[in-house]
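> need a structure here:
(chains A and B)
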Number of protein chains: 2
Amino acid sequence: LTQPPQRADARRNREQILGVARKAFADPEASVSMAEVARRAGVGMATLYRNFPDRRELLEALYAYEVDAVCEAAATVEGETPGAMLRAWLHRFVAFFSSKHRVVAELLAQSGPSDPVFRSSRARVLTAGKPLLAAAQQAREIRDDLTLEQILELVVAVAKIQGGAEYVAPILQAALDGLRPVSDADQV
Amino acid sequence: LTQPPQRADARRNREQILGVARKAFADPEASVSMAEVARRAGVGMATLYRNFPDRRELLEALYAYEVDAVCEAAATVEGETPGAMLRAWLHRFVAFFSSKHRVVAELLAQSGPSDPVFRSSRARVLTAGKPLLAAAQQAREIRDDLTLEQILELVVAVAKIQGGAEYVAPILQAALDGLRPVSDADQV
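Model (predicted):
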């Protein structure tokens, strides 16, 4: 029996695997078998399976990894005003939503919408984004009759629209413009 | 053999059947068998099948009937300005979209998205709505970087959001508010 790998090696392997799997899943043309993930990451199957005993664990880890990035972005996103920061974060969220859809489709097929990774992620994203929304509403840059949950539902609904980026981007822009507060003067 | 019914009778039967089927399908709890439709319409099964030889023909007729109503509404909708007229029609369109979803789900299951009734309806709705949008854009009440197709995709995307009317209505309002032209001053 060989010794277990050192911690730093193990972590590097895990990150290497997640990184290549993430890229592979982002390419709608690529087939992403476990063997292909191992090959791309330059690790053996034993190492792959030690890190992710089955495909579902790899998918869940990938999903959680993307969610981490979105949550971190809420704290680091840049913008000149609270409203600009919220909008920048919403664009980041849309990019996350669009890139993860193959992973989600497979997770849904394997374990259904009750997979705990979905529920916990939703809560984490809402927690991360709420201070941004509160600041933007406080600054009167964003309407105050929508919760973050409703705003995310709106951008997800738009992100699901079929069509190229040129077709969908102006629709998203309109939806984001609709988050501006409505003054009495232009109430519709 | 009995004589075929008079034309007026036949038309009345057909409308009676469509009317009750429409109500039945709008009730998400109701089971809507052909026998139930005949019973509610007060006609015999022979009359029902003379009008709609199979269930799919009934569904297609129902769908076309709703589309007719939406198209007619484009010509008759009321509003103080062209923008208000367009918004009133978009609300009517959302109501249409929400009410028809059981019929659509069944049609999709039976004949798939290539059912000609979908393609022709889409074209008819776009043709009916375009003058409303053109007038509202001309009056500078509606942004000019979206086509009617894109606007309908937006409202359909929002109408698909799960949740009660209280949850979805403010999201729809934000989306419709986003159709206002964006002045340079509040460009985001």
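> buried sites along the least confident helix or strand in chain A by mean pLDDT?
Ranked by mean pLDDT, DSSP states H and E, the weakest helix or strand in chain A is helix A:101-111, scoring a mean of 80. By neighbour count with 16 or more other Cβ atoms under 10 Å in any protein chain shown, helix A:101-111 contains the buried residues A:102-104, A:106-107. For glycine as for every other residue, the C-beta is placed from the backbone atoms N, C-alpha and C.
> correct me, but residue A:75 touches residue A:127?
No - with contacts counted by Cβ atoms under 8 Å, residue A:75 stays clear of residue A:127, the gap being 11.3 Å.
> Just the element for the residue positioned nearest the centre of chain A, please.
In chain A, the centroid-proximal residue (Cα atoms, centre = their mean) is residue A:96; its distance is 3.3 Å. Secondary structure from DSSP states H and E places residue A:96 in helix A:82-99.
> what does residue A:136 give?
Residue A:136 belongs to helix A:116-138, assigned by DSSP H and E.
> Quick one: distance of that helix to the chain centre.
12 Å (Cα atoms, centre = their mean, to the nearest Å).
> how about the residues of chain A that lie near chain B?
Contact residues (Cβ under 8 Å from any Cβ of the partner chain) of chain A with chain B: A:83-84, A:87, A:143, A:145-146, A:150, A:153-154, A:157-158, A:160-161, A:163, A:167, A:170-171, A:173-180, A:182, A:186, A:188.
> 7 Å instead?
A:87, A:143, A:145-146, A:150, A:153-154, A:157-158, A:160-161, A:167, A:170-171, A:174-180, A:182, A:186, A:188 (Cβ under 7 Å from any Cβ of the partner chain).
> separation between the residue in chain A that chain B sits nearest to and residue A:25?
Chain A approaches chain B most closely through residue A:178 (2.7 Å), counting by Cβ to the nearest Cβ. The gap separating residue A:178 from residue A:25 is 32 Å, by Cβ to Cβ, to the nearest Å.
> which residues does residue A:142 contact?
A:83, A:86, A:133, A:136, A:179, A:181 (Cβ atoms under 7 Å, 6 or more residues apart in numbering or on different chains).
> ok, now residue A:151?
Contacts of residue A:151 by Cβ under 7 Å, 6+ apart are residue A:179.
> Let me know the secondary structure of it.
Three-state call for residue A:151 (DSSP: H, G, I helix; E, B strand; the rest coil): helix.
> what pLDDT does it get?
At residue A:151, the model reports a pLDDT of 97.
> related to what we said a few turns ago, the residue nearest to the centre of chain A contacts residue A:66, correct?
Yes - using Cβ atoms under 7 Å, residue A:96 is in contact with residue A:66, at 5.6 Å.
> Neighbours of the residue nearest to the residue of chain A closest to chain B when sequence neighbours are not counted, how many?
Leaving aside its sequence neighbours, residue A:178 sits nearest to residue B:178 (Cβ to Cβ, 6 or more residues apart in numbering or on different chains; 2.7 Å). Here the number of neighbours of residue B:178 (other Cβ atoms under 10 Å in any protein chain shown) works out to 24.
> what's the answer for residue A:73, then?
20.
> follow-up on the earlier one: mind checking which of the residues of chain A next to chain B land in helices?
If you go by DSSP state H, the residues of chain A next to chain B have A:87, A:150, A:153-154, A:157-158, A:167, A:170-171, A:174-177 in helices.
> which of those sit farthest apart?
A:150 and A:167 (24.0 Å; Cβ to Cβ).
> Show me the shaky parts of chain A.
Low-confidence segments of chain A (pLDDT under 70): A:1-6, A:184-188.
> do that again at 80, thanks
For chain A, the stretches with pLDDT under 80 are A:1-7, A:26-31, A:98-102, A:105, A:110-117, A:183-188.
> got the contact list for residue A:88?
A:77-79.
> Any figure for the gap between residue A:59 and residue B:126?
Residue A:59 is 40 Å from residue B:126, by Cβ to Cβ.
> can you list contacts of stretch A:112-124?
By Cβ under 7 Å, 6+ apart, stretch A:112-124 touches A:60, A:63-64, A:67, A:71, A:107.
> now do 6 Å
Residues outside stretch A:112-124 that contact it (Cβ atoms under 6 Å, 6 or more residues apart in numbering or on different chains): A:60, A:63, A:67, A:71, A:107.
> and if you look at stretch A:16-23?
A:37, A:40-41, A:51, A:62, A:65.
> Make JSON lines out of those and add secondary structure and neighbour count.
Output for the contacts of stretch A:16-23, formatted as JSON lines (DSSP: H, G, I helix; E, B strand; the rest coil; neighbours: other Cβ atoms under 10 Å in any protein chain shown):
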{"residue": "A:37", "secondary structure": "helix", "neighbour count": "21"}
{"residue": "A:40", "secondary structure": "helix", "neighbour count": "17"}
{"residue": "A:41", "secondary structure": "helix", "neighbour count": "21"}
{"residue": "A:51", "secondary structure": "helix", "neighbour count": "20"}
{"residue": "A:62", "secondary structure": "helix", "neighbour count": "25"}
{"residue": "A:65", "secondary structure": "helix", "neighbour count": "16"}
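> And the least confident helix or strand of chain A, what does it pack against?
helix A:55-76 (3 or more Cβ pairs under 6 Å, 6 or more residues apart in numbering or on different chains; DSSP states H and E).
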